[in-house]
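Chemist: Sequence first, predicted coordinates after that:
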Amino acid sequence: MIKSAYCSTCGTQRAFERPGLNHILHLLLSLVTCGCWILVWVLLAVLPPHEPYQCRTCGAKLHKSELRMQN
């Protein structure tokens, strides 16, 4: 997911993105564990991500207090 926000490191409006799930890894884990990992995979896909947004230019993390995003 990509959002636009002010980056305090770059000093300008930049694109920020949040890393998503690695579905290939979860598929392999599900195959190796005979399907037991599917429950974990589904929970991770449904719950909101815990990783912060990162600036695509400099990699600075966007904290919740700075979360004044524009689409």
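Modeler: On my side now, so go ahead.

Chemist: And the helices in this protein, which stretches?
Modeler: Taking DSSP state H as the test, the helices found in the chain are 23-32, 38-46.

Chemist: Where does pLDDT dip in this structure?
Modeler: Applying pLDDT under 70 to the chain flags the ranges 64-71.

Chemist: Show me the strands in this protein, by range?
Modeler: 2-7, 12-17, 53-55, 61-62 (DSSP state E).

Chemist: strands paired with the shortest one, and their directions?
Modeler: By that I understand strand 61-62. With DSSP bridges as the test, strand 61-62 is paired with strand 53-55 (antiparallel).

Chemist: Can you tell me what sits against the strand it pairs with?
Modeler: With contacts defined as C-beta atoms under 8 Å, 6 or more residues apart in numbering, strand 53-55 is touched by 3, 5, 7, 9-10, 14-19, 60-62, 67. Where you see a C-beta, it was placed from the backbone N, CA and C, and this is true even at glycine.

Chemist: most neighbours, which of those?
Modeler: Phe16 (24 neighbours; other C-beta atoms under 10 Å).

Chemist: Surely that residue and Thr57 touch.
Modeler: No: counting by C-beta atoms under 8 Å, Phe16 does not reach Thr57; the two are 9.5 Å apart.

Chemist: Between these two, which contacts overlap?
Modeler: What both Phe16 and Thr57 touch, as defined by C-beta under 8 Å, 6+ apart, is the set Cys7.

Chemist: Throw the helices of the chain into TSV and include mean neighbour count and distance to Pro52, thanks.
Modeler: Below are the helices of the chain laid out as TSV (neighbours: other C-beta atoms under 10 Å; distance: least, C-beta to C-beta, whole Å):
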stretch	mean neighbour count	distance to Pro52
helix 23-32	12	21
helix 38-46	12	17
